[in-house]
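A.B. asks: Fold the following and give me the result.
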Amino acid sequence: MDTLARIKDLAIKELALDPAKIDPNAPLADLGIDSLTFIEFMFKIEDEFGVKVSDEDLRSIKCLADLERHVAASVQAAGKA
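C.D. replies: Numbers count the residues shown, from 1 in each chain. Got it, this is the predicted structure:
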């Protein structure tokens, strides 16, 4: 399963999102994800992928596609890919 698919699967499970309505490029707010919910979700992402996301990086993530790019780069940099 690729990184985006894993993120979407986790979002469906953890955030109770409708799989048919997940647009990876949609702003997080459009998916019903507020900032507190997103921070909590990031802890799940960090556990799932074994990466850490800095506060600075967190502020630059505006959609699930941004999150996927960041996680994929972090995983690759850590040699976990």
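
A.B. asks: looking only at pLDDT, what's the mean for stretch 25-37?
C.D. replies: Mean per-residue pLDDT for stretch 25-37: 94.

A.B. asks: Check stretch 53-71 too.
C.D. replies: 93.

A.B. asks: got it, and stretch 5-17?
C.D. replies: Stretch 5-17 comes out at a mean pLDDT of 94.

A.B. asks: Flag every buried residue along that stretch.
C.D. replies: By 16 or more other C-beta atoms under 10 Å, the buried positions in stretch 5-17 come out as 7-8, 10-11, 15, 17. Every C-beta, even on glycine, is put in place using the N, C-alpha and C of the backbone.

A.B. asks: now it, how far from the chain's geometric center?
C.D. replies: 9 Å (C-alpha atoms, centre = their mean, to the nearest Å).

A.B. asks: Going along the chain, name the strands of this structure.
C.D. replies: Along the chain, no segments are classed as strands by DSSP state E.

A.B. asks: Once you drop chain neighbours, what's closest to the spatially most central residue of it?
C.D. replies: In the chain, the centroid-proximal residue (C-alpha atoms, centre = their mean) is Leu67; its distance is 4.4 Å. In this structure, Leu67 finds its nearest non-sequential neighbour in Ile61, 5.0 Å apart by C-beta to C-beta, 6 or more residues apart in numbering.

A.B. asks: Now the buried residues of stretch 5-17 in JSON lines, please, with extra columns for distance to Glu46.
C.D. replies: As requested, these are exported to JSON lines (distance: C-beta to C-beta, whole Å):
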{"residue": "Ile7", "distance to Glu46": "12"}
{"residue": "Lys8", "distance to Glu46": "17"}
{"residue": "Leu10", "distance to Glu46": "11"}
{"residue": "Ala11", "distance to Glu46": "14"}
{"residue": "Leu15", "distance to Glu46": "16"}
{"residue": "Leu17", "distance to Glu46": "19"}
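
A.B. asks: So which of those residues sit within helices?
C.D. replies: 7-8, 10-11, 15 (DSSP state H).
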